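In: Structure for the following, please:
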Amino acid sequence: MHTLDEDKIRDRAFQLWDKAGQPEGREQEFWYDAERELAEEEMVDTSAEASVLDIPPVVPGRLS
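Out: Numbers count the residues shown, from 1 in each chain. Next up is the predicted model:
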């Protein structure tokens with residue numbers, strides 16, 4: 001698993017904070033939410049790549 005890029009976390013946390021009306025004193029909450037969301041997205045991307053790689057190649061003229 002890749003480590004999350006701090007810049008990506010910061011950008012996502014800012015987006016979440018801004019969308020919530022820019023409340024004060026909840027920086028950690030938005031940071032953790034951003035980390036969680038990005039980690040979930042990375043897991044989905046990784047599993048999608050794995051499922052595509054699991055598909056056997058098609059060989060012309062050969063039946064399975």
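In: Show the pLDDT at the nearest residue to residue 12 once chain neighbours are set aside.
Out: Spatial nearest neighbour of residue 12, chain neighbours left out: residue 34 (3.7 Å); criterion: CB to CB, 6 or more residues apart in numbering. Heads up, the C-betas are built off the backbone N, CA and C, glycines and all. Predicted confidence (pLDDT) for residue 34: 98.
In: Who are the contact partners of residue 34?
Out: Going by CB atoms under 8 Å, 6 or more residues apart in numbering, residue 34 touches 9-10, 12-13, 15-16.
In: which one of these sits closest to residue 40?
Out: Of all those, residue 12 has the smallest distance to residue 40: 11.4 Å, by CB to CB.
In: any idea which element the closest one lies in?
Out: helix 6-19 (DSSP states H and E).
In: Mind giving me the packing neighbours of that helix?
Out: With contacts taken as 3 or more CB pairs under 8 Å, 6 or more residues apart in numbering; DSSP states H and E, helix 6-19 sits against helix 27-53.
In: re the thing from before, show me which positions of the helix holding residue 12 end up buried.
Out: Within helix 6-19, the residues that count as buried by 16 or more other CB atoms under 10 Å are 9, 12-13, 16-17.
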